[in-house]
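Trainee: Next comes the sequence, and after it the predicted model I'd like to discuss.
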Amino acid sequence: MTVIDVRNLRKEYGRHVAVDDVSFSVEAGEIFGILGPNGAGKTTTVECVEGLRRADAGTLKVLGLDPRADGKRLRRRIGIQLQESQIPERLKVWEALDLHSSFYDTPADWRRLLDDWGLAAKRDTPFAKLSGGQKQRLFIMLALVGSPELVVLDELTTGLDPQARRDTWELIERVRAGGVTVLLVTHFMEEAERLCDRVMVIDAGRVVAVDSPSGLISRAVPEQRVRFRPSAPLDERLLTGLPEVTRVSMTGTRVEVSGNGDLLHAVTSVLARHQIVAGDLRVDQPSLDDAFVALTGSRPPGSSGSPGASESRSAHRRG
Ligand SMILES: Nc1ncnc2c1ncn2[C@@H]1O[C@H](COP(=O)(O)OP(=O)(O)OP(=O)(O)O)[C@@H](O)[C@H]1O
């Protein structure tokens, strides 16, 4: 079932075109990510989906409703993550949940949510006294308190330390496991790669690509590299003859093979056939960061800025 269907969405602020001809659809049960550089139009897009902003052109169907005409009805069926500034500092956790559940016809039992999300001990704590991770937990609970079919999370983990961010990913996976579709705006490539079934990359208001994280990577940065030290002299032609291989370079005892497809398997199979062991074997696989750079020409806003194929994702093996 299609939960979100957006066709040719356009939104202008004065003479500035923030979103230009954006089309995408999200299926029930998906975690769908929107990635893009600062100012790309991500928030504008999700606010049009939520019916909080009025699209200038295009057609939108969310849970079968038109957000422009049926915004109110729609917002009873979707969970929208609040921003920190929208919760009064002195409001206690239980008060925030109780207040928000009163907005819905068939709210979830917020006492159960408190138990389920491990915040029961903080029930009487004012919002301002919660840690960053506890606040994120509360934001998710507030988005879930109306028993929504779709949850929209816009940069939920921005400002969190890496551990709290990882903890929040588990919570988002739990939301989906509960049968809720998730629309996620994020700056973090690792987050998109770990959580999203599909990702839409937008740049300057336009869709650059929509695919699974691995599909984006292989489409945008198809080349991989395999490096090793062969246990015996190696005839370069054994490798250059493989269809997966695009380039081979040999420096001293070190061999570097570039290519695509199932490169590692192709290289190790040919070595095994010639009784050569690949010592110090290293595989550099491109990451979603690399794909983002290739697709948009800019570094992801949440990235650490390391250039080239991601070392952190390299597989290290000794043979
Ligand atoms: N209310 C507004 N009035 C005028 N311009 C706006 C308004 N809201 C957003 N914009 C502009 O529209 C463009 C898209 O903004 P939007 O917030 O949708 O981008 P974004 O991808 O969510 O950015 P970020 O990653 O920085 O949050 C930006 O150039 C922004 O400055």
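Mentor: Arrived safely. Numbers count the residues shown, from 1 in each chain.
Trainee: ok, Thr251 - how many residues close by?
Mentor: Other residues within reach of Thr251, judged by other C-beta atoms under 10 Å, total 8. Quick note: C-beta positions are derived from backbone N, CA and C, even for glycine.
Trainee: Could you do the one 10 residues further on as well?
Mentor: The burial metric for Gly261, expressed as a neighbour count using other C-beta under 10 Å, is 14.
Trainee: now swap in Ala69 and tell me
Mentor: Counted by other C-beta under 10 Å, the residues lying close to Ala69 total 11.
Trainee: Which helix or which strand is home to it?
Mentor: Ala69 belongs to no helix or strand when assigned by DSSP states H and E.
Trainee: Strands of the stretch 101-250 of the chain, start to end?
Mentor: Taking DSSP state E, counting those that start in this stretch, the strands of the stretch 101-250 of the chain run over residues 150-154, 181-185, 198-203, 206-211, 224-230, 245-251.
Trainee: okay if I get these as TSV plus mean pLDDT?
Mentor: Listed next are the strands of the stretch 101-250 of the chain as TSV, based on pLDDT from 0 to 100:
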stretch	mean pLDDT
strand 150-154	94
strand 181-185	96
strand 198-203	96
strand 206-211	96
strand 224-230	94
strand 245-251	94
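Trainee: Could you export these as CSV, including distance to Arg273?
Mentor: Output for the strands of the stretch 101-250 of the chain, formatted as CSV (distance: least, C-beta to C-beta, whole Å):
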stretch, distance to Arg273
strand 150-154, 50
strand 181-185, 45
strand 198-203, 39
strand 206-211, 35
strand 224-230, 13
strand 245-251, 15
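Trainee: residues in contact with the residue nearest to Thr43 when sequence neighbours are not counted?
Mentor: Using C-beta to C-beta, 6 or more residues apart in numbering and skipping the chain neighbours, the partner closest in space to Thr43 is Asp154 (5.9 Å). By C-beta atoms under 8 Å, 6 or more residues apart in numbering, the contact list for Asp154 reads 42-43, 46, 81, 185.
Trainee: give me the number of residues near the nearest residue to Thr158 once chain neighbours are set aside?
Mentor: Nearest residue to Thr158, sequence neighbours excluded (C-beta to C-beta, 6+ apart): His187, at 6.3 Å. Using other C-beta under 10 Å, His187 has 18 other residues around it.
Trainee: follow-up on the earlier one: which stretch among the strands of the stretch 101-250 of the chain comes nearest Arg123?
Mentor: In terms of C-beta to C-beta, the element of the strands of the stretch 101-250 of the chain nearest to Arg123 is strand 150-154, at 22.5 Å.
Trainee: any bit of that closest one sitting next to the ligand?
Mentor: No: with C-beta under 6 Å from any ligand atom as the criterion, the ligand is not reached by strand 150-154; the gap is at least 7.6 Å.
Trainee: Neighbouring strands - and their directions - for that strand?
Mentor: When pairs are called by DSSP bridges, strand 150-154 turns out to pair with strand 78-80 (parallel), strand 181-185 (parallel).
Trainee: which strands and helices sit next to the lengthiest helix in the chain?
Mentor: Longest helix in the chain by number of residues, with DSSP state H as the criterion: helix 162-177. Identification of packing neighbours for helix 162-177 by 3 or more C-beta pairs under 8 Å, 6 or more residues apart in numbering; DSSP states H and E yields strand 31-35, helix 132-144, strand 181-185, helix 189-195.
Trainee: Report the contact partners of the residue of the stretch 201-319 of the chain found nearest the ligand.
Mentor: Closest contact between the stretch 201-319 of the chain and the ligand, by C-beta to the nearest ligand atom, is at Pro301 (6.3 Å). If you count contacts by C-beta under 8 Å, 6+ apart, Pro301 has them with 37-38, 187.
Trainee: repeat for Gln224
Mentor: For Gln224, the contact set (C-beta under 8 Å, 6+ apart) comprises 258-260, 263-264, 283-286, 309.
Trainee: Can you flag which of those belong to strands?
Mentor: 258-259, 283-284 (DSSP state E).
Trainee: In these, which residue is surrounded by the most others?
Mentor: Tallying neighbours with other C-beta under 10 Å puts Gly259 at the head of the ones in strands among the contacts of Gln224, with 22 neighbours.
Trainee: you'd agree Leu9 is up against Gly58?
Mentor: Yes: using C-beta atoms under 8 Å, Leu9 is in contact with Gly58, at 3.8 Å.
Trainee: Common neighbours of those two, please.
Mentor: Common neighbours of Leu9 and Gly58, using C-beta under 8 Å, 6+ apart, are 21-23.
Trainee: Of those, which belong to strands?
Mentor: Using DSSP E, the members of the shared contacts of Leu9 and Gly58 that fall within strands are 21-23.
Trainee: With respect to Leu97, which of these is nearest?
Mentor: Val22 (34.1 Å).
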